[in-house]
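> sequence and predicted model, in that order:
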Amino acid sequence: MISADIYKVIHLSSLAFLLIALAALIGSISGKSVKKDGVTKFFAAVHGLSLAILLISGFGMLARLGYDNWPGWVIGKVLIFIAVAGILGLIYRKPGLKFVIFFLLGSLVSLSAYLAVLKPF
């Protein structure tokens, strides 16, 4: 049986890999296009795998902490999760918005941390 602390470590580690992959993809934007090479495919795969591990570890941690239903802060984090999952498509479709995407990603992760730590609702 995995403890809540181990789930938290896995959750935060997968978040780190997710952010590294997205930063690498944003960094691969040159001008108005995204390079479609093996490195880009690798980071896109890391993005997907990190999202899967993030989701599984998050719900595992919720179960270990004894949450039977979803409080409002969990719903907020799930919505942020969906938005971060969609950022990959935004990077590919709108490479000219790389600076906006960068700050949007930072804002979403900060909001997610706020919801996780303070649990405002």
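Noted; the coordinates are in hand.
> what's the weakest-modelled helix or strand in the protein?
Using mean pLDDT, DSSP states H and E, strand 33-34 stands out as the lowest-scoring helix or strand of the chain, at a mean of 71.
> so which bits of the helix or strand just after that one are buried?
Using DSSP states H and E, the helix or strand that follows strand 33-34 in sequence is helix 38-65. The neighbour-count check on helix 38-65 (16 or more other C-beta atoms under 10 Å) flags 40, 43-44, 46-47, 50-51, 53-54, 57-62, 64 as buried. C-betas here are computed from N, CA, C, even on glycine.
> against which helices or strands is helix 38-65 packed?
Packing partners of helix 38-65 (3 or more C-beta pairs under 8 Å, 6 or more residues apart in numbering; DSSP states H and E): helix 4-27, helix 72-93.
> got the phi and psi for G66?
phi 90, psi 20 (degrees, to the nearest 10).
> likewise for the one 4 residues further on?
With angles defined as degrees, to the nearest 10, W70 shows backbone torsions of phi -90, psi 110.
> relative to L12, how far out is it?
21 Å (C-beta to C-beta, to the nearest Å).
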